[in-house]
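>>> Compute the structure for the input listed below.
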Amino acid sequence: MGKNEIKYVKEAFESNYIAPVGPFIEKFEHAICNYTKAKYSVALSSGTAAIHLALRILNIKSSDKVLASTFTFIGSVAPILYQNAEPIFIDSDESWNIDPNLVEEAIKKEKPKAIIVTHLYGQPAKIDEIMNLALKYGVYVIEDAAESLGATLKNKHTGTFGHFGVYSFNGNKIITTGGGGILVSNNKEWIEKARFLASQAKENEYWYEHKEIGYNYRMSNVLAAIGLGQVEVLKERIRKKREIFKIYSQNLSEIAEFMPEIKNAYGNRWLTTCLFKDKNPIKVLEYLKNFNIETRPLWKPMHLQPVFKSAKAYINGKSESFFKKGLCMPSGTALSFEEVKRICELIKKV
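Model (predicted):
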């Protein structure tokens, strides 16, 4: 935590706004817009809720196809099924993020209505190339920037290239509200619609009047107070994350390859991730566990998940290779640089 979270939470309690309304929600939304330069935002209960609302507002329905990164977390793609639409998974390129060449091939054959692009592990995808394809073929783009708040491509924040952007404030993210997310867009009407749907779609009447079905997706005033304090420490968090990445990459470069940063990109290095040249990542995981050091495998690609066994996928083998060889390293900003160096020395012994 930073310096002001407890102060802001105390103010939230003293104001008696312990609900999904209150002044800190608006302050937090403004703080995210000021930081990312997005025009409009709505604070929500999770990043997954934000993606769901984006799909709903774009009128994605049962007859529609949605392309999505296969190398990602399930929360990025499950909302496609909430809308009864068809997910089609796209493999990675050498950057580990979604492959624009496969995206274009899939667009030509499948005629999707939207693409969900994940900026994996805090590293920007080739979103400028994806946006050119989206403009060429008339496809909506939702950026899953849940892991990449603060990351930029050509000095523009991830999450602000597409028609919608999504950030997550889950407990393990670079800043957190314990749980939460936010939806951003430059389209005011869409964000106002998202705010309406996230509040149970209550009509503007004294009583509870409903003409359509909404959701209980709003963030509480107390969590927004935490988020406001967290935004104040975001730049420092990114600086520390990038320092941690640098120590790992310098000390393990002979035995591992690290997730690259594409040209003109500045990642937040939310998690330092690597591919071992010869070591079994699960054996490394189990060895470090003996020292109470927690690691985890890279995301298992969505097209390999049993729940998506019948889904279409455009595959080149890269994400499967990354999954077999890779590991997420301890990357918390509470780690000292000496602790990171110790982890490196332990890994060399496996």
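>>> Only C-alpha atoms from now on, for both contacts and neighbour counts.
Noted.
>>> What segments of the stretch 101-250 of the chain are strands?
Taking DSSP state E, counting those that start in this stretch as the criterion, the stretch 101-250 of the chain carries its strands at 114-118, 140-144, 152-153, 156-157, 164-168, 181-185.
>>> Kindly present those strands as a markdown table, with separate columns for mean pLDDT, distance to Phe323 and mean neighbour count.
Below are these laid out as a markdown table (pLDDT from 0 to 100; distance: least, C-alpha to C-alpha, whole Å; neighbours: other C-alpha atoms under 10 Å):
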| stretch | mean pLDDT | distance to Phe323 | mean neighbour count |
| --- | --- | --- | --- |
| strand 114-118 | 98 | 16 | 27 |
| strand 140-144 | 98 | 20 | 27 |
| strand 152-153 | 98 | 25 | 21 |
| strand 156-157 | 98 | 27 | 19 |
| strand 164-168 | 98 | 23 | 29 |
| strand 181-185 | 98 | 27 | 28 |
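>>> So what's the residue count around Ser76?
Using other C-alpha atoms under 10 Å, Ser76 is surrounded by 25 other residues.
>>> gap between the closest residue to it other than its chain neighbours and Ala151?
If the residues on either side of it in the chain are set aside, Ser76 comes closest to Thr48, at 6.2 Å by C-alpha to C-alpha, 6 or more residues apart in numbering. In this structure, Thr48 lies at 20 Å from Ala151, with C-alpha to C-alpha, to the nearest Å as the measure.
>>> quick one on the thing from earlier: tell me which element the residue nearest to Ser76 is part of?
helix 47-57 (DSSP states H and E).
>>> Show me what that helix packs onto, helices and strands only.
Helix 47-57 makes packing contacts with helix 78-82, strand 140-144, strand 164-168, strand 181-185, helix 188-198 when contacts are defined by 3 or more C-alpha pairs under 8 Å, 6 or more residues apart in numbering; DSSP states H and E.
>>> any idea how far the most centrally placed residue in the chain is from Ile130?
Against the mean C-alpha coordinate of the chain, by C-alpha atoms, centre = their mean, the closest residue is Ala146 at 1.8 Å. If you measure Ala146 against Ile130 using C-alpha to C-alpha, the figure is 18 Å.
>>> swap in Ser310?
From Ser310 over to Ile130 the distance is 26 Å, taken as C-alpha to C-alpha.
>>> Pull out the buried residues from the top helix by length along the chain.
With DSSP state H applied, the helix covering the greatest number of residues in the chain is identified as helix 234-252. Of all the residues in helix 234-252, those buried under the rule 16 or more other C-alpha atoms under 10 Å are 234, 237-238, 240-245, 247-249, 251-252.
>>> for stretch 251-262, same thing?
Buried residues in stretch 251-262, counted by 16+ other C-alpha under 10 Å: Asn251, Leu252, Ala256, Glu257, Phe258, Met259, Glu261, Ile262.
>>> Fine by me, thanks again.
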